[in-house]
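**Student:** Quick one: sequence and predicted model below, then my questions.
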Amino acid sequence: MVLSQDGFPSPGVRRVRDVEKVAEQWRIGGAPDDTNHTRIMELVFAGEQADILGTYPSSQDPAGELGPDDFAQIPLLLVQ
């Protein structure tokens with residue numbers, strides 16, 4: 001999983017850089033126009049990255065009102 005560290009993150013975010021719709025200085029671009037998209041830029045996983053990171057109920061609600069089920073869920077990988 002690849003994310004970008006931010007020394008001055010948005011409130012409630014643990015030092016992970018925001019991903020915005022349009023790139024800005026110190027902000028990564030390419031996000032959809034909603035408030036609960038992922039900040040993960042790359043995912044190495046057994047499956048399609050776009051399917052995993054892009055499957056969530058898009059919302060315009062403020063981040064503080066969203067719960068875990070409102071974000072993309074990365075399935076667990078069972079090792080036997």
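**Tutor:** Yep, that arrived. Residues are numbered from 1 along each chain as shown.
**Student:** switch to C-alpha atoms for all contacts and neighbour counts from now on
**Tutor:** Will do.
**Student:** and Phe71, how many residues sit next to it?
**Tutor:** 19 (other C-alpha atoms under 10 Å).
**Student:** so it makes contact with Tyr56?
**Tutor:** Yes: Phe71 is in contact with Tyr56 according to C-alpha atoms under 8 Å; the separation is 5.5 Å.
**Student:** Mind checking which residue lies nearest the centre of the chain?
**Tutor:** Residue closest to the mean C-alpha point of the chain, counted by C-alpha atoms, centre = their mean, is Thr38 at 1.1 Å.
**Student:** what does stretch 28-42 contact?
**Tutor:** Applying C-alpha atoms under 8 Å, 6 or more residues apart in numbering, the external contacts of stretch 28-42 come out as 1-3, 16-23, 49, 53-54, 58-63, 66, 70-72.
**Student:** and those residues, which of them are in helices?
**Tutor:** 49, 53 (DSSP state H).
**Student:** Among the contacts of stretch 28-42, which lie within strands?
**Tutor:** Within these, no residue falls in strands by DSSP state E.
**Student:** Having no further points to raise, I will conclude here.
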